[in-house]
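S.K.: Sequence and predicted structure, then a few things I'm wondering about:
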Amino acid sequence: MSANSSFSTGNFSDPLSTSNSSTVPYYLACQHSVPRMAVFTMYAIISTLLFLPLYIFVLYIGIQKWRHQRFEPARISTNPSDFYTLNMMISEIICALGSALFVLAMFSGGRLMYLLGLYFFSINVPGQSLFHSLTCLDRYLAVVHPITYMLKKDTLGVRIRNISNICVWLLCFGYLGIVYSHLPNFPIIPFFTILGISISVMFFCCFSVLWGLTHSAPGEVQNHKKQVDQTKQRAFYIILAITSTLMLRFTGLLVGFGLKNVGSLDQRNSCGRLDAAVLLTLPSSLVLPLLFLHRAGKLSCWK
C-alpha cells in the first residue's frame, strides 16, 4: 500500500466506517475529532513548552558535569545512570519535536508532516523503555553486587555501558523500519514485546534489591549495615519509581492499542482509549530527568 493512499487527508472524514478502516492508521483515525485534537494539542504543548526545556536543561547540566570530570583523575567516567539519562533526553527531545509536527499536521493536513511526526515520535518508543531498563540494571548491580560493580566500573563497565547504549540506538532506528513496514497499522507485537521485556527486567531488579534490603548478609558490622541498607533503599525507591511510571505507560498503551481488536469492546470508544493512553505516557518521560536533577542537587526541596 502506498503512502499516498495511507495518509491522504481525505481518508480521515469517518474513521469508524468500514469503508476506510483498512486504509486509515488506527492511531490517526480520530485525529479530526475535536476531543482528540484537544488532547493531542495539550500533549504537544506539555511536551514542547514544559518538558522540552527540562530535557535541554538536563543535557546542559550533564555536559557541564562531564566537562568538569575530564579534569578530575579520580572521576574519569560518567555515572552509568546519568549516562543513560542523558541519552534518553536526546530521544525525548526528538519525540517532543515529533509530537509538535504531529499536531501541526492535524491542523494543516500535511501528509509529509504526519510521517515525519510519526517517525520522530517512534524513535522514543523503544528508547524510553530500554534506557529505563538499563538504569534499573545499573542500580541493581551497584547494590546487589557492589564489589564487582566498583572494581569493574571504570574498565569493563564503561565498555558494557557504551556497547549497550549503541545497541539501544540501533534498536531505536531499526524500529523505524518496523513502523514503516507495518503502515498503516500499528506494530503491536514488536512494541509490546519490547515493553514487556523492559518491565520484566525492572520487576526483577526491584524484587532483587528489595530482597537484598530485607535480608542482610551475616556478620555485617552495624554501622556498615546501616550504610549499605540506606544505599539499597535509595536504589529500591529509584527502581520502584521507574517501574511504576512505566507500568502506567504500559497500561495506557495496552488499553489504547492492544485492545483495539477485542470484539466485545465498543470500537466507538477507541478514541477515548487512545486519549487516555497518550496522557498516561507523560509520567514515564519525567522520572529519569527529575531523578537526575535530584542527584545533581538541583531539587533541594525534594528530599
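M.R.: That came through fine.

S.K.: Tell me the helix or strand right after the helix or strand encompassing Cys167.
M.R.: If you go by DSSP states H and E, Cys167 is part of helix 156-182. Next along the chain after helix 156-182, taking DSSP H and E as the criterion, comes helix 188-214.

S.K.: name the helices or strands packed onto that following helix?
M.R.: Applying 3 or more Cβ pairs under 8 Å, 6 or more residues apart in numbering; DSSP states H and E, we find helix 188-214 packed against helix 111-144, helix 156-182, helix 222-253. C-beta coordinates here come from the backbone N, C-alpha and C atoms, glycine included.

S.K.: at 6 Å instead, please
M.R.: Applying 3 or more Cβ pairs under 6 Å, 6 or more residues apart in numbering; DSSP states H and E, one finds that helix 188-214 contacts helix 111-144, helix 222-253.

S.K.: Leaving out the residues flanking it, which one is nearest to Val209?
M.R.: Leaving aside its chain neighbours, Val209 sits nearest to Phe236 (4.7 Å; criterion: Cβ to Cβ, 6 or more residues apart in numbering).

S.K.: And for Gly98, the neighbour number?
M.R.: Around Gly98 there are 21 other residues, counting by other Cβ atoms under 10 Å.

S.K.: right, and Phe120 touches Gly98 too?
M.R.: Yes. Assessed by Cβ atoms under 6 Å, Phe120 is found in contact with Gly98 at 2.8 Å.

S.K.: number of nearby residues for Val209?
M.R.: Look at Val209: counted by other Cβ under 10 Å, it has 26 neighbours.

S.K.: quick one, what contacts the residue nearest to Val209?
M.R.: Counting by Cβ atoms under 6 Å, 6 or more residues apart in numbering, Phe236 touches Val209, Leu210, Leu213.

S.K.: quick check: mean pLDDT across the helix or strand encompassing Ala276?
M.R.: Here Ala276 sits within helix 270-280, counting by DSSP H and E. For helix 270-280, the per-residue pLDDT values average out at 72.

S.K.: For Thr281, what are phi and psi?
M.R.: Main-chain dihedrals, Thr281, degrees, to the nearest 10: phi -80, psi -10.

S.K.: Not counting residues beside it along the chain, what's closest to it?
M.R.: Take Thr281 and drop its neighbours on the chain: the residue closest to it by Cβ to Cβ, 6+ apart is Arg249, 4.9 Å away.

S.K.: The one you found touches Ser284, doesn't it?
M.R.: Yes. Look at Arg249 against Ser284 with Cβ under 6 Å: they come within range, at 4.4 Å.

S.K.: And Leu86, which helix or strand is it part of?
M.R.: Using DSSP H and E, Leu86 falls in helix 80-108.

S.K.: So which elements touch that helix?
M.R.: With contacts defined as 3+ Cβ pairs under 6 Å, 6+ apart, helix 80-108 has these neighbours: helix 34-45, helix 52-69, helix 111-144, helix 287-295.

S.K.: any idea which of those helices is most buried?
M.R.: Of all the helices and strands packed on helix 80-108, helix 111-144 has the most neighbours on average by mean count of other Cβ atoms under 10 Å, namely a mean of 22.

S.K.: circling back to that earlier point, could the helices and strands packed on helix 80-108 be laid out in JSON lines, adding mean pLDDT?
M.R.: JSON lines is the format used below for the helices and strands packed on helix 80-108 (pLDDT from 0 to 100):
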{"stretch": "helix 34-45", "mean pLDDT": "77"}
{"stretch": "helix 52-69", "mean pLDDT": "87"}
{"stretch": "helix 111-144", "mean pLDDT": "86"}
{"stretch": "helix 287-295", "mean pLDDT": "87"}
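
S.K.: Using a markdown table, lay out the ones you listed together with distance to Gly177.
M.R.: As requested, the helices and strands packed on helix 80-108 are exported to a markdown table (distance: least, Cβ to Cβ, whole Å):
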| stretch | distance to Gly177 |
| --- | --- |
| helix 34-45 | 25 |
| helix 52-69 | 25 |
| helix 111-144 | 10 |
| helix 287-295 | 26 |
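
S.K.: Ile189: which of the ones you listed is closest?
M.R.: helix 111-144 (13.2 Å; Cβ to Cβ).

S.K.: angle of that closest one against helix 287-295?
M.R.: Angle, helix 111-144 to helix 287-295, by axes from the mean of the first three to the mean of the last three Cα atoms, to 10 degrees: 50 degrees.

S.K.: other SSEs contacting helix 111-144?
M.R.: Contacts defined by 3+ Cβ pairs under 6 Å, 6+ apart place helix 111-144 against helix 80-108, helix 156-182, helix 188-214, helix 222-253.
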